[in-house]
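[1] I'd like to go over a predicted model; first the sequence, then the structure.
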Amino acid sequence: MTVAADAVRSLITRGWTLGVAESLTGGAVAAELVSVPGASATLWGAVVAYATPVKHSLLGVDEALLDAHGPVHPRVALQMADGVRRAVGVGRAADVGVATTGIAGPDSPDGQPVGTVHVAVVTPESSVTESFRFFGDRSAIRAQSVDAVVSLLSRMSRE
């Protein structure tokens, strides 16, 4: 069983719904989860908030946080994960939100090292962010980011 399949199965078992917020991964997290048969039983929707203002306007990331630290920050990832729960809500917020934000390269717009990535998962029981420095080309960094957030989702949905 893949990590994505494990995450989907665990979410379904718990009866939890899911929203996905992505920046540098550009929809790849949602695609990974949707590749699992039965994902429609848990995944409500996904938002690619690539531009910084969209993180604020659609996902509710605090504008002062974005102004102070930019879009690549652990608290931004956490607020994206929380905000997507409401953004994809249907009558109520989704139970779980996941998010990715980071710098895939080849250049860094704000001086942080290329490969800096923050992922977050918010569940009804807890909220966690993890920070990484991935290496490789743009594609490799994006793939590692997908793996990191899906792995975190899998662990948190089994707790």
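    Here it is on my side, so go on. Note that the structure is a prediction, hence the values are computed from the model and not measured.
[2] Could you look up the SS state of the closest residue to residue 17 other than its chain neighbours?
    Counting by Cβ to Cβ, 6 or more residues apart in numbering, residue 17 lies nearest to residue 94, which is 4.4 Å off, once chain neighbours are set aside. The C-beta positions use only the backbone N, C-alpha and C, and glycine is treated the same way. Secondary structure state of residue 94, per DSSP: H, G, I helix; E, B strand; the rest coil, is coil.
[3] phi, psi of residue 94?
    Recorded main-chain torsions at residue 94 are phi -60, psi 150, according to degrees, to the nearest 10.
[4] in this structure, which spans are strands?
    Using DSSP state E, the strands found in the chain span residues 18-22, 43-48, 96-102, 116-122, 127-133.
[5] Show me the longest helix that occurs in the chain.
    Longest helix in the chain by number of residues (criterion: DSSP state H): helix 138-158.
[6] OK, contacts around residue 48?
    Under the criterion of Cβ atoms under 8 Å, 6 or more residues apart in numbering, the neighbours of residue 48 are 22-23, 26-27.
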